Each structure stands twice: as C-alpha cells, then as structure tokens.
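Asks: give the three-dimensional model of this entry:
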Amino acid sequence: MDRRDEQMRGVRKWPLLAVAAVVFLCGAAWRAEAADERHQLLATVHVHSTASTGDLTIEALAVRAEQLGLDVLMLTDNFSLRYEYGLWPLPGLLKRQVRFPSVLEYGIERYLADVAAAQIRHPNLIILPGVEVAPYYYWTGSIWGQTLTMHNAQRNLLVLGLDKPEDYRSLPVSGNPDAYSFDWRVAVNGSPILLMVPAVWLWRPLRRSTDRQSPRRMIACMLIVLAVTLVVNAWPLSQPAFSSYDDRMGYRPYQALIDDVSAKGGLAFWSMTEARDYHEYTAGPLGTVVVKTEPHPEALVQTTGYAGFGGLYQDTRTSVKPGELWDRLLQLPEHELRTTPVLIGELGFHGSNDAGKELHRLVTALWVKERTVAGVLEALRSGHSYAVGEGDHHVQLRLEEFQVVCLDGTKSASIGDRLDPGGARDLMVRLSVTAADHGHHPAKVRVIRSGQVVAQSAGETPFRFDWTDTTAPMNERMAYRVEITGSGELLSNPIFVAPILELKAEG
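Replies: Next comes the predicted model:
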C-alpha cells in the first residue's frame with residue numbers, strides 16, 4: 001500500500017513539473033522579447049567643449065544637458081587645428097605655423113580623463129568622447145602673387161566610439177606628429193647629412209701647403225651650413241600623413257581615416273557635407289589669404305565604410321530630399337557601400353552665444369536596447385534612430401512609432417530593421433507622432449519609399465497615420481522612411497523591406 005501511494009504521488013508530480021516547465025519557457029521567451037525591446041534616448045551630437053573651440057567645460061556641458069532633459073551627450077572636439085605654410089624651396093624652414101585649441105593641444109589622455117570624471121559625476125547622462133577631424137588640407141596659389149588659398153580645412157568627419165588614447169594618437173591626420181610615417185623618404189630627407197663627409201675631408205689640414213687651407217675650409221663650412229639647413233628643413237625626417245602641398249590627393253586621406261577608425265571599432269560620420277566655409281585673412285603687404293571649404297556631398301559616394309552622415313543641421317541640405325543622393329545610396333546593394341549610410345542630426349554647438357543652438361534644439365533620438373555606451377553605439381551603427389529639430393515656435397516632434405507591417409500585423413519591422421514579407425502583399429505603414437510638450441501642433445507627414453513620396457497626410461499632434469501600400473513592388477528591395485514638418489523637422493532612418501532571397505544574398 002505504501003508503495004502504491006508513492007507511485008501515485010510520483011504520477012501527481014508530472015502535471016506540476018509540466019506547468020513549471022511551461023512557466024519557465026514562457027518566462028525565458030518573455031525575457032528574450034524584453035531583451036529585444038528598445039526605448040528612446042535623446043542625444044545631442046556634435047558638441048565642442050573648452051578642450052577645443054567650445055566655450056563651456058565638459059562638466060558645464062554635462063550639467064546643462066541634464067537640466068534640458070537629454071540622455072546622451074556626444075562630444076566631438078576638434079582633434080587637430082594645426083596649420084602651416086612654407087616658402088619654396090625651404091618650406092620646412094621658412095614657414096609660418098598657426099595652432100588653435102584642439103584635443104592634441106589639450107592632451108588626449110587629459111581629454112579622456114575629463115570625460116570619464118564627468119561621467120562618474122553624472123551617472124544618469126551618457127557622455128561619449130569623440131573628435132571632429134579634417135584629415136587633410138592643401139594649398140594652391142602663391143603668397144607672392146597674392147593668390148594663396150587653403151582648401152578643405154573644414155571638410156570634417158565626426159569620429160565616435162574610440163576610448164583608448166592610442167586609438168586617437170595614431171589617427172592619420174595632417175598635423176598629428178604621431179601619424180608620421182617612416183619609409184624610404186626618410187633616407188632621402190636625411191641624405192644631406194652625407195655632405196658632412198666631404199666637409200670633414202676638406203677641413204683636415206694639408207701637409208705641404210697652407211696657402212690653400214683657407215679656401216678649402218671655407219668650402220667645408222659652406223657644405224656644413226648647407227647640410228644643416230637641408231636637414232632642418234626636412235626635420236623630423238619622417239613624413240606627415242598627407243602633404244599639404246599636394247592637391248591631387250582627392251578622397252584618399254578621408255578613406256584612410258574611415259578605414260583606420262573602422263579597424264579600431266569606431267564610427268565615422270561625414271559632417272555637414274553641404275555647408276560652405278569661406279574666410280579671408282589679411283597678410284599685410286602680401287595681400288589676402290583665402291581659407292575655404294566648398295560643399296562636398298559627393299563625399300558620400302567617393303568614400304565607403306563610413307557609418308553615416310549629418311542629414312539634419314542648420315544649413316542648406318538637398319541630399320535628404322526625396323529621390324536625391326541619400327535615397328540613391330539606400331537603393332545600392334549593401335556590398336557596394338559596405339554599410340548603409342545612417343542619418344544623424346548635428347548641432348555644431350560651441351557655446352550659448354550660438355544663435356539658435358541650445359543643446360536640446362536639435363537632437364538624434366536613439367532607440368536603444370540598453371542605457372549604456374555600448375547600447376548607444378549599437379543604435380547609432382544600426383540606424384535605430386531619427387533626427388529632429390525645433391521650429392520657430394520651439395516645438396519638437398517625437399516619433400513614437402514607425403513600422404511597416406504585413407500578414408495582418410503578425411510580422412513587422414521598425415526603424416533600422418528589415419522585414420521579409422514572405423510573399424505577403426498587405427504592407428501597411430504605421431506612424432504615431434507626438435510633441436515633446438504633449439501639446440497640439442501641426443504636423444505634415446510624407447512617406448517616402450525608395451526615393452518616391454508615396455503617401456502624405458496632415459494633422460495635429462498627437463497624430464496617428466496608418467497607410468496601406470497597395471502599389472509596392474514586392475520583387476524589389478525597398479526602403480521606407482518618413483519626413484515630418486510643420487512644427488520643426490523630423491527625418492527618420494529607413495525600414496528595409498526585401499524578399500528573403502535578397503536578405504540572404506546581402507548577409
């Protein structure tokens with residue numbers, strides 16, 4: 001009897017174990033789903049501190065960012081602002097050097113230490129150290145002909161995600177002495193020292209005659225002076241990353257920087273490619289020196305492997321208009337670009353005196369998996385983000401939802417994700433827009449599919465828009481993005497929709 005009771009108790013345990021197993025598996029599934037959930041963080045990108053050309057210290061910027069309700073502060077202090085021009089035939093000796101505050105002048109270790117210290121004091125704010133880099137500039141014209149011009153001092157990339165001093169120290173950038181290379185040209189630059197050999201030979205005393213001693217030693221002195229002059233002119237003998245007297249480099253310096261940053265695990269973003277910079281400086285009797293950087297949206301085509309570009313900032317922008325450069329890039333096969341160019345918003349903040357450039361006026365909203373530096377970088381890299389700027393009435397929009405769904409809502413993808421419709425043709429775009437102040441403000445929505453405006457709507461926030469795409473070419477790779485105006489401006493990164501075979505091919 002006791003044995004039968006034990007058997008019955010064992011039988012009764014099985015349903016309990018089954019229930020426990022189901023609960024465990026459901027919990028595991030819930031945790032996995034929760035791990036994939038994302039939430040929004042507001043980030044200000046492209047900010048300068050007193051480590052370079054900004055007016056506020058890193059600590060003051062952190063305090064201000066927290067006061068304005070920001071979650072992420074992305075510092076991009078100027079890495080190097082060292083410029084020089086030398087006169088031919090001795091440009092290394094007869095030269096003028098100009099230096100402005102930069103991370104190289106401030107000290108790389110000191111800069112990273114200041115960011116780390118501020119992060120400890122402000123645990124609720126994520127602070128990313130970064131640099132703004134113009135890897136190459138060059139001269140044309142002549143100072144004697146009063147046509148001297150310096151080009152591309154403001155053709156910049158923003159570099160984020162590097163956290164070691166040595167990662168910065170070796171960046172291939174003009175003006176960075178640690179990036180100088182040692183090759184066969186070092187021997188050429190140092191070859192004038194060989195003039196010391198005949199100089200020593202000429203200097204030695206003659207045994208038979210003293211009449212020719214003085215001319216020989218005069219020639220020896222001339223050789224010594226010439227050797228020292230040429231070596232000093234070529235010092236430090238090693239070669240800079242790129243010569244500022246070579247105007248044929250094209251985009252090679254920029255590609256070299258992008259490749260270097262990518263190899264170190266960092267992210268490089270093209271900065272304000274359609275902005276123009278032009279200044280004239282008086283050089284006394286030598287006339288005027290021009291410093292200029294022309295708009296360069298072609299950089300997005302001429303280089304590869306960069307993480308993205310500034311697509312929303314306070315200047316002229318045409319690349320993000322429907323059907324223009326960005327949309328054309330999004331239509332290219334991924335293997336041609338190595339990465340899909342992600343859009344970010346750039347503030348270009350230097351101080352409180354910048355008109356219309358308070359820290360929270362233009363932000364990049366990131367949908368992150370975790371509130372960490374790694375989570376922020378992952379969202380940046382993958383394009384789980386949108387850029388938004390305030391309008392004249394200081395209204396800032398929020399994109400609460402942007403999805404492409406199919407199969408009666410059972411399959412969906414959000415910004416930065418991909419959707420395989422699996423043969424389904426019931427594609428629907430779902431949008432939800434609010435205002436940061438939770439008020440009622442006008443909003444005009446345009447849905448852009450692969451460069452074409454396929455749907456439009458207008459309303460007031462809070463605003464919801466569901467639109468069924470009945471004309472989608474299901475046999476092609478498509479990119480859906482949205483543009484929202486009326487109260488400021490909002491630009492989203494794309495959602496890709498592609499057949500399963502193309503997704504596998506690209507993977």
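
Asks: contacts, neighbours, all on C-alpha from now
Replies: Will do.

Asks: just checking, G439 touches V433?
Replies: No: between G439 and V433 there is no contact under Cα atoms under 8 Å: 11.3 Å.

Asks: number of residues surrounding A374?
Replies: Burial of A374 is recorded as 13 neighbouring residues (other Cα atoms under 10 Å).

Asks: what does S174 give?
Replies: Around S174 there are 24 residues (other Cα under 10 Å).

Asks: let me see the contact set for it.
Replies: Under the criterion of Cα atoms under 8 Å, 6 or more residues apart in numbering, the neighbours of S174 are 80, 82, 134-137, 240-244.

Asks: can I assume it sits in a helix?
Replies: No: using DSSP: H, G, I helix; E, B strand; the rest coil, the assignment for S174 is coil, not a helix.

Asks: how far away is it from A153?
Replies: Distance of S174 to A153, computed by Cα to Cα, to the nearest Å: 10 Å.

Asks: list residues touching both of those two?
Replies: Common neighbours of S174 and A153 (criterion: Cα under 8 Å, 6+ apart): 134, 136-137.

Asks: beta partners of E401?
Replies: Beta-bridge partners recorded for E401 (DSSP bridges): S432.

Asks: make that Q452, sorry
Replies: Counting by DSSP bridges, Q452 forms beta bridges with R449.

Asks: can I get stretch 65-75 in CSV, CA atoms only?
Replies: The C-alpha coordinates for stretch 65-75 follow below in CSV (Å, rounded to 0.1, in the frame of the first residue of the first chain):
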residue,chain,number,x,y,z
ALA,A,65,22.5,68.6,-20.8
GLU,A,66,20.9,67.1,-17.6
GLN,A,67,18.9,70.3,-17.0
LEU,A,68,17.5,70.2,-20.5
GLY,A,69,16.4,66.5,-20.1
LEU,A,70,18.9,65.0,-22.5
ASP,A,71,20.1,61.4,-22.1
VAL,A,72,23.2,61.4,-24.2
LEU,A,73,25.9,64.0,-24.8
MET,A,74,28.2,63.2,-27.8
LEU,A,75,31.3,65.4,-27.6
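
Asks: for that stretch, what is the distance to the chain centroid?
Replies: 18 Å (Cα atoms, centre = their mean, to the nearest Å).

Asks: and it, what's buried?
Replies: 65, 70-75 (16 or more other Cα atoms under 10 Å).

Asks: need those in JSON lines (columns: secondary structure).
Replies: Below are those laid out as JSON lines (three-state DSSP):
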{"residue": "A65", "secondary structure": "helix"}
{"residue": "L70", "secondary structure": "coil"}
{"residue": "D71", "secondary structure": "coil"}
{"residue": "V72", "secondary structure": "strand"}
{"residue": "L73", "secondary structure": "strand"}
{"residue": "M74", "secondary structure": "strand"}
{"residue": "L75", "secondary structure": "strand"}
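
Asks: and the one helix or strand A117 maps to, what does it pack onto?
Replies: Assigning secondary structure by DSSP states H and E places A117 in helix 108-121. Packing partners of helix 108-121 (3 or more Cα pairs under 8 Å, 6 or more residues apart in numbering; DSSP states H and E): helix 58-67, strand 126-128, helix 165-169.

Asks: pLDDT weak spots in the stretch 251-400 of the chain?
Replies: Scanning the stretch 251-400 of the chain with the threshold set as pLDDT under 70 gives 285-286, 334-339, 355-356.

Asks: and if we set it to 90?
Replies: The model of the stretch 251-400 of the chain has pLDDT under 90 over residues 281-288, 314-316, 331-340, 352-357, 391-395.

Asks: what count of nearby residues applies to the residue nearest to R430 when sequence neighbours are not counted?
Replies: Distances taken as Cα to Cα, 6 or more residues apart in numbering place D466 nearest to R430, at 4.6 Å, with adjacent residues excluded. Look at D466: counted by other Cα under 10 Å, it has 14 neighbours.

Asks: how much space separates D466 from I484?
Replies: Separation of D466 from I484 (Cα to Cα): 15 Å.

Asks: again, but for V405
Replies: Applying Cα to Cα, the value for V405 to I484 is 20 Å.

Asks: what of G308?
Replies: Distance, G308 to I484, using Cα to Cα: 20 Å.

Asks: and if you look at Y386?
Replies: With Cα to Cα as the criterion, Y386 and I484 are 11 Å apart.

Asks: what's the end-to-end length of stretch 86-103?
Replies: Using Cα to Cα, the two ends of stretch 86-103 sit 24 Å apart.

Asks: please, which helix or strand holds the residue positioned nearest the centre of the chain?
Replies: The chain has F269 as the residue nearest its centroid, 2.4 Å off, counting by Cα atoms, centre = their mean. Counting by DSSP H and E, the element that carries F269 is strand 267-270.

Asks: ok, and what's touching that strand?
Replies: Residues contacting strand 267-270 (Cα under 8 Å, 6+ apart): 156-161, 258, 261-262, 299-300, 306-310, 381.

Asks: identify the contacts common to Y386 and I484.
Replies: 490-491.

Asks: name the residue in the two with the higher neighbour count.
Replies: Comparing Y386 with I484 by neighbour count (other Cα under 10 Å), the higher total belongs to Y386, at 29 against 24.

Asks: excluding its backbone neighbours, what's nearest the more buried one?
Replies: Y386 sits nearest to S492 (Cα to Cα, 6+ apart), 4.2 Å away.

Asks: low pLDDT regions in the stretch 51-200 of the chain?
Replies: If you take pLDDT under 90 as the line, the stretch 51-200 of the chain has these spans: 83-99, 142-147, 174-200.

Asks: out of the contacts of S174, which comes closest to E166?
Replies: S80 (15.2 Å; Cα to Cα).

Asks: measure the closest residue to the closest one other than its chain neighbours to F79 for me?
Replies: Excluding the flanking residues, the one nearest S80 by Cα to Cα, 6+ apart is S102, at 5.4 Å. Distance, S102 to F79, using Cα to Cα: 5 Å.
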